[in-house]
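Undergrad: Here is a sequence together with a model predicted from it:
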Amino acid sequence: MIQKPKGCNDIYGREAKIWKYVESIIDATMEKYNYNYIRTPIFESTELFHRGIGESTDIVTKETYDFVDRGGRKMTLRPEGTAGVCRSYVENKMYGDPNQPVKVYYNGTMYRYERPQSGRDRELTQFGMEVLGSDDPFTDAEVISLAVNIYKMLGLKEIKVNINTLGDKESRDMYRSALIDYFKPHIEELCEDCQTRLEKNPLRILDCKVDSDNELLKNAPKTIDYLNDFSRERFEQVKDYLDILQIKYEVNPNIVRGLDYYNHTVFEIEANVKGFGANNVLGGGGRYNHLCSEIGGPETPCIGFASGIGRLVMALELEEVKLPIVEDIDLFLMYVNEDEKKYALYLAQELRMSGFIVDTEYTGRSLKAQFKQADRLHAKYVAILNSEDLDNNEIKIRDNKTKEEEIISLDALIYYLDEKLNTGASDVTEDEIYSWEEHEENCDGDCGESCHCGHHHE
RNA sequence: GCGCCGUUGGUGAAGUGGUUAACACGCUGGUUUGUGGCACCAGUAUGCAUGAGUUCGAUCCUCAUACGACGCCCCA
């Protein structure tokens, strides 16, 4: 049997409905903030990610899906969304648009060549947003609050916002050397991994799991202590704005993010629910003021955020958040003989185009089995087509909840269902229905109007 | 890249070196309820991830591969 590639997922059935719902909330919330949807290619030239993310990191050297196309060009399936957005911003000269900053959001698949584990796949779907062209701490606060509000709109309660600042380049470099100086005399006390981290990426020692209880870590220098005045003041402003927005957060000096391009604000939002595996971070982001210039554009201050939808769905399930997922159908059409089947075929189309969710029988099942099928589909109403009824221009409708049945005029079917289901499928209001009833009483039968009362007005 | 565990039907799964692979649910058909949901009857894996090996014989032992789960590294 042919199997799906390692670390990939088929999403279907109820889970797919959850995904669609989550994405609809994302779209709606982004629109409220006036972030515009952007779609960039799923693959880009390999160079974009090398320049953007850093040549020497593990990420680029062994965790991307690289391929050479038929023209010999080196390509990479995008491992994240930011680089493509920045490339697009630069390539399309969006920096020339008077409407700054440019606020965009995306939602798409990303690819990372990793060993799958809980909350980590090779193909993942991430949504995210970027604000390009503003260095105002306002945008930092807005991006963080927007992320939080999307989770809130979905009904997620147990989330925790961790923020930190790396400061500007000057602050960051000072901090880095201070860390190395601090740990170097005690290198023997660190775990094996941290010993190699010391020169490579000393900031990551801070969130090492093995050494998390080590006193050394607790007393290590904090980024905040090495900020210059500008960076410190900027961070205070971000926190102030978050307070105004009533976004709860915790300043966590151990949030460092992996990549070099970050500066100033960095943040992560984690799901605070039991049952998550080793990866409970729903999303994260930060400010990257030098990425655009790195890839050949103008120096452009930017901030962004990205979040995995798979983990988000997992969090919703673990929190047992009630989602308004519609799994019912309005009507199931049942039939037995060929004439009835033909009418079902026709009627299903009519009703669907009128706005009802309609399903019917396709596999020639017995009437009994069709009843079961209707139940399985959670049909609110069942229509049992019967040749004799149809000859009389009538149809039998069953309320699948109360089990009550009635035979109504075929002409009245849409109005009947509309009234029962209150879907607004027809434009007829209750008042109008009432007036038709009055009309029916008074009409002598040749007014020339067609109506839903089942009587012929010819 | 490393480690640990796993892979039996539509589903949950039991099980054994030797031709009936339990049981349950589901599903399909039938009987009976005026048309299901209850009840009863019947049907439902020539196959136990794939390949190779050991053996007289393997789903059960060995090895490899794939995939899954979890963790490490890394984390965009």
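TA: Right, received. Where do you want to start?
Undergrad: The spatially closest residue to A:Arg115 that is not a sequence neighbour: neighbouring residues, count only.
TA: Taking CB to CB, 6 or more residues apart in numbering as the measure, A:Arg115 lies nearest to A:Gly7, with 7.9 Å between them; neighbours along the chain are not counted. Backbone N, C-alpha and C define where each C-beta goes, glycine included. Using other CB atoms under 10 Å, A:Gly7 is surrounded by 17 other residues.
Undergrad: Help me confirm that A:Gly7 comes into contact with A:Ser118.
TA: No: with the criterion set as CB atoms under 8 Å, A:Gly7 and A:Ser118 do not qualify as a contacting pair; they are 11.9 Å apart.
Undergrad: Sketch out the low-pLDDT regions of chain A for me.
TA: Applying pLDDT under 70 to chain A flags the ranges A:1, A:54-59, A:61, A:213, A:423-458.
Undergrad: In terms of residue numbering, what are the domains of it?
TA: Annotated domains of chain A cover A:13-168+A:228-318, A:329-427 [automatic domain parsing].
Undergrad: The shortest one near RNA strand B at all?
TA: Yes: contact of domain A:329-427 with RNA strand B is found when judged by CB under 7 Å from any atom of the strand, involving A:365-369, A:371-376, A:384, A:396, A:398, A:400, A:403, A:405.
Undergrad: For PyMOL, write the select line for the buried members of the residues you listed.
TA: To isolate the buried subset of these in PyMOL, counting by 16 or more other CB atoms under 10 Å, use the following:
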select buried, chain A and resi 371+373+374+384+396+398+400
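Undergrad: picking up where we left off before, just the domains of chain A: most buried one?
TA: With neighbours defined by mean count of other CB atoms under 10 Å, none of these is more surrounded on average than domain A:13-168+A:228-318, at a mean of 18.
Undergrad: Would that domain count as contacting RNA strand B?
TA: Yes: taking CB under 7 Å from any atom of the strand as the criterion, domain A:13-168+A:228-318 and RNA strand B are in contact, through A:49, A:53, A:57-59, A:63-64, A:79-80, A:82, A:112, A:114-120, A:257-259, A:277-279, A:284, A:306.
Undergrad: Smallest gap between the stretch 101-250 of chain A and RNA strand B, at which residue?
TA: Distances from the stretch 101-250 of chain A to RNA strand B, computed as CB to the nearest atom of the strand, single out A:Ser118 as the nearest residue at 3.1 Å.
Undergrad: pretty sure that residue is touching A:Phe276, no?
TA: Yes: with contacts defined as CB under 8 Å, A:Ser118 counts as touching A:Phe276 at a distance of 7.4 Å.
Undergrad: And stretch A:191-205, end to end?
TA: Distance between the boundary residues of stretch A:191-205 (CA to CA, to the nearest Å) amounts to 9 Å.
Undergrad: Now look at that stretch and say if it contacts RNA strand B.
TA: Yes: with CB under 7 Å from any atom of the strand as the threshold, stretch A:191-205 lies in contact with RNA strand B, specifically through A:Asp193, A:Thr196, A:Arg197, A:Asn201, A:Arg204.
Undergrad: Show me what counts as buried in that stretch.
TA: Of the residues in stretch A:191-205, those buried by neighbour count under the rule 16+ other CB under 10 Å are A:Cys194, A:Arg197, A:Leu198, A:Pro202, A:Leu203, A:Arg204, A:Ile205.
Undergrad: Let's have the residues you listed in CSV, adding distance to A:Val90.
TA: Listed next are these as CSV, based on distance: CB to CB, whole Å:
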residue, distance to A:Val90
A:Cys194, 37
A:Arg197, 33
A:Leu198, 35
A:Pro202, 31
A:Leu203, 28
A:Arg204, 29
A:Ile205, 34
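Undergrad: now, which of those lie within helices?
TA: Where the buried residues of stretch A:191-205 overlap with helices, as defined by DSSP state H, the overlap consists of A:Cys194, A:Arg197, A:Leu198.
Undergrad: Pretty sure the last one sits against A:His186.
TA: No: A:Leu198 sits out of contact with A:His186 when judged by CB under 8 Å, with a separation of 10.1 Å.
Undergrad: contacting residues for the residue of the stretch 1-150 of chain A found nearest RNA strand B?
TA: In the stretch 1-150 of chain A, no residue comes nearer to RNA strand B than A:Pro79, which is 2.6 Å away by CB to the nearest atom of the strand. With contacts taken as CB atoms under 8 Å, 6 or more residues apart in numbering, A:Pro79 has the following neighbours: A:Phe49, A:Ile53, A:Ile59, A:Glu63, A:Thr64, A:Tyr65, A:Met110, A:Tyr111, A:Arg112.
Undergrad: correct me, but A:Arg112 touches A:Val60?
TA: No: using CB under 8 Å, A:Arg112 and A:Val60 do not qualify as a contacting pair, with a distance of 11.1 Å.
Undergrad: who touches the residue of the stretch 101-250 of chain A closest to RNA strand B in this structure?
TA: For A:Ser118, the residues meeting the contact criterion (CB under 8 Å, 6+ apart) are A:Phe276, A:Gly277, A:Ala278, A:Asn279.
Undergrad: where does the last one fall, phi/psi-wise?
TA: Looking back up the chat, that one is A:Asn279. phi -110, psi 100 (degrees, to the nearest 10).
Undergrad: thought it was touching A:Pro116?
TA: No: A:Asn279 is not in contact with A:Pro116 according to CB under 8 Å; the separation is 11.0 Å.
Undergrad: follow-up on the earlier one: can you lay out the contacts of A:Pro79 as TSV showing secondary structure?
TA: What follows is the contacts of A:Pro79, written out as TSV (DSSP: H, G, I helix; E, B strand; the rest coil):
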residue	secondary structure
A:Phe49	helix
A:Ile53	helix
A:Ile59	helix
A:Glu63	coil
A:Thr64	coil
A:Tyr65	strand
A:Met110	strand
A:Tyr111	strand
A:Arg112	coil
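Undergrad: can you give me the helices for the stretch 251-400 of chain A?
TA: Listed in chain order, the helices of the stretch 251-400 of chain A (DSSP state H, counting those that start in this stretch) span residues A:291-294, A:309-318, A:338-353, A:367-376, A:387-391.
Undergrad: Same list (those helices) but as a markdown table, adding distance to A:Lys222.
TA: Compiled in a markdown table, the helices of the stretch 251-400 of chain A are given as follows (distance: least, CB to CB, whole Å):
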| stretch | distance to A:Lys222 |
| --- | --- |
| helix A:291-294 | 25 |
| helix A:309-318 | 28 |
| helix A:338-353 | 62 |
| helix A:367-376 | 59 |
| helix A:387-391 | 79 |
